[in-house]
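Engineer: Sequence below, structure please.
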Amino acid sequence: MKKIKGFTLIETIVVVAVLGLTLPVIFSIFFVLLQQQTKIYRLNTTKKEGDYLINLVSNNIRNDASIILSSNSPLPPDATNKKCDNNSTNYSSNASLYFLDRNGDWFGYLINGNAIASVSASLASINLNSAKTRITGFSIGCRRTYIHSQPSVSISFDIEFCNKVACDQTRTEEISTLHYNTKIKLRN
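Structural biologist: As a prediction, the model looks like this:
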C-alpha cells in the first residue's frame, strides 16, 4: 500500500473551526488596543497643551506683570482701566485681562474663538493652543485682599481634544477634557 500525504477531512475541519473561533478574539483584542491608544493620544495631547498654556501664562504674569488692566474698548488698554488696585477689590472676565510690565508695555490674554490668545503692544494676537484642542469655560480675573499685598490673578479653563472627528463625537468615552485652574500672585 502507498501512503498518501495530506490532511484528512476531519483534520481540515478542526483547523478551520479553531481559526474561526480564535480570529474574532484576536481581532477584537487588536481593535480594543487600537481604541485605547487613540484615547491615550487624545488625553496626552490635551494634557500637554493644557500644561503648556497654564505654565506659560502663569510665568509671564508672575514675572512680568506689575499693573492689571481691563479693556472693554479697542486696544491698547491704558492706565485708566486699572483693576484690583484698591483694598478688597475683585474683577472677573470671560473674555480678557491685560497687564502693564515694568517698562510700561502692555500684554494680555484673551479668548479667541476656541483658543487662548496672547496679545501685546509689540505683537499681534497669537493663539497659544493648536487646532487639535479647544478652550471652553475661560475665565480670568484678579483679587486684592489687602492694600499692602499684591493682587492675585486667577485663571480657569477647560481644554478638550477637538479635531474634525472628535468634536462631533457624542459618546462620552471618546471625549478628552481637562480642567485647569490656578492663582498667580503678582511680584512687586
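
Engineer: Give me the sheet partners of whichever strand in the chain runs longest and which way each runs.
Structural biologist: Using DSSP state E, we find that the single longest strand of the chain is strand 133-144. Strands that pair with strand 133-144, judged by DSSP bridges, come out as strand 89-93 (antiparallel), strand 152-161 (antiparallel).

Engineer: what mean pLDDT does that strand have?
Structural biologist: Averaging pLDDT along strand 133-144 yields 91.

Engineer: Would you pull up how far it lies from the middle of the chain?
Structural biologist: Taking Cα atoms, centre = their mean, to the nearest Å, one finds strand 133-144 lying 12 Å from the centre of the chain it belongs to.

Engineer: Buried residues in it, which are they?
Structural biologist: For strand 133-144, the buried set under the neighbour-count rule, 16 or more other Cβ atoms under 10 Å, comprises 133-135, 138, 140-144. C-beta coordinates here come from the backbone N, C-alpha and C atoms, glycine included.

Engineer: Let's have these in TSV, adding distance to Ser118.
Structural biologist: TSV is the format used below for the buried residues of strand 133-144 (distance: Cβ to Cβ, whole Å):
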residue	distance to Ser118
Thr133	16
Arg134	17
Ile135	13
Phe138	13
Ile140	12
Gly141	18
Cys142	18
Arg143	22
Arg144	24
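
Engineer: which residues in the chain form helices?
Structural biologist: Ranges of helices within the chain are 9-64, based on DSSP state H.

Engineer: Report how many residues lie close to Tyr146.
Structural biologist: 9 (other Cβ atoms under 10 Å).

Engineer: That one and Thr89, how far apart?
Structural biologist: Computed as Cβ to Cβ, to the nearest Å, the Tyr146 to Thr89 distance reads 11 Å.

Engineer: any idea of the mean pLDDT for stretch 161-171?
Structural biologist: Mean pLDDT, stretch 161-171: 68.

Engineer: picking that back up, by how many degrees do the longest strand of the chain and helix 9-64 diverge?
Structural biologist: 30 degrees (axes from the mean of the first three to the mean of the last three Cα atoms, to 10 degrees).

Engineer: Render the CA-only coordinates of strand 133-144 in PDB, please.
Structural biologist: What follows is strand 133-144, C-alpha atoms only, in PDB (Å, rounded to 0.1, in the frame of the first residue of the first chain):
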ATOM      1  CA  THR A 133      -7.700  71.400  21.100                       C
ATOM      2  CA  ARG A 134     -10.400  73.900  22.000                       C
ATOM      3  CA  ILE A 135     -10.900  76.000  25.100                       C
ATOM      4  CA  THR A 136     -14.200  76.400  26.800                       C
ATOM      5  CA  GLY A 137     -15.200  77.900  30.100                       C
ATOM      6  CA  PHE A 138     -12.400  80.500  30.000                       C
ATOM      7  CA  SER A 139     -12.300  82.900  33.000                       C
ATOM      8  CA  ILE A 140      -9.600  85.300  34.100                       C
ATOM      9  CA  GLY A 141      -9.800  87.700  37.000                       C
ATOM     10  CA  CYS A 142      -8.000  89.300  39.800                       C
ATOM     11  CA  ARG A 143      -8.400  89.900  43.500                       C
ATOM     12  CA  ARG A 144      -6.700  92.100  46.000                       C
END
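
Engineer: Thank you, goodbye.
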